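Chemist: Below is the sequence, then the predicted model.
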Amino acid sequence: MAADVVLRDPDGKILLVNPTYKEGWDLPGGMVEANESPLDAARRELLEELGIRPELHGLVSVDWDPPHGPWDDQIVMVFDGGTLDPGDAAGLRPRDPELSACAFFRPEDAVAAVRTRIRGRVARTLGALAAGVPCYLESGRPAW
C-alpha cells in the first residue's frame, strides 16, 4: 500500500517531487510500513522527505495499481494536503536523499510531468479534488 498527498501553493499549483530511485516526477508520499495506517504513512513521508506537517483534509482517491516491473500490485491512497501558506511553499526543499527536487506545477503541467503510468491517477485525482468527490480508480482509470 502507498499513501500520496496533493499539496497546493497559494496560486493553486500542485507540488511534485522528483525521486532519486525512479524516473519522473511524482506526488509526495510513499510506501506504508508494516502496521502503519495510510494516513500516518502520508504524514510520516511528508515530514521525512519535506520537513512539513500540513493538516490532511480527507481522502481524494484510491487507485488499485496492477503488478509492474519488480513490484506486486498495490493500493495507492491519495489525501488532500490543502494549501500551504506562502512562506512554507516558498521555503520547501527536499530533506531526504530519496528526493532530488520538489517544485510546484500548474495542474495541467503536473499531469504532463509525471510518469506515463501514473498520469491517469494524477489527472483523475486532481479532477476529484476540484469536484469535491473522492474517486475509486483501477490502474488510473475509473472503475465504473
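Modeler: Right, received. Where do you want to start? These figures come from a predicted structure and were not determined experimentally. Numbers count the residues shown, from 1 in each chain.
Chemist: Longest strand in the chain, please.
Modeler: If each strand of the chain is counted by residues according to DSSP state E, the longest one is strand 74-83.
Chemist: So for the helix or strand just after that strand, what gets flagged as buried?
Modeler: Once the chain leaves strand 74-83, the next helix or strand it forms, by DSSP states H and E, is helix 86-90. Residues of helix 86-90 classed as buried by neighbour count (16 or more other C-beta atoms under 10 Å): 88-89. Using the backbone N, CA and C atoms, a C-beta is placed for each residue, glycine as well.
Chemist: Quick one: name whatever helix or strand follows helix 86-90.
Modeler: Scanning forward in sequence from helix 86-90 by DSSP H and E, the next helix or strand is strand 99-105.
Chemist: So what touches the helix or strand that that next one is followed by?
Modeler: Moving toward the C-terminus from strand 99-105, the next helix or strand (DSSP H and E) is helix 107-113. Residues from elsewhere that reach helix 107-113 (C-beta atoms under 8 Å, 6 or more residues apart in numbering): 12-14, 16, 24-25, 105, 119, 122-123, 126.
Chemist: Find the residue at the geometric middle of this structure.
Modeler: In the chain, the C-alpha nearest the mean C-alpha coordinate belongs to residue 27, at 2.9 Å (C-alpha atoms, centre = their mean).
Chemist: Might you report the residue contacts of the closest residue to that residue other than its chain neighbours?
Modeler: Sequence neighbours aside, residue 4 is the residue nearest to residue 27 in space, at 4.0 Å (criterion: C-beta to C-beta, 6 or more residues apart in numbering). Residue 4 makes contact with 26-30, 42, 76-79, according to C-beta under 8 Å, 6+ apart.
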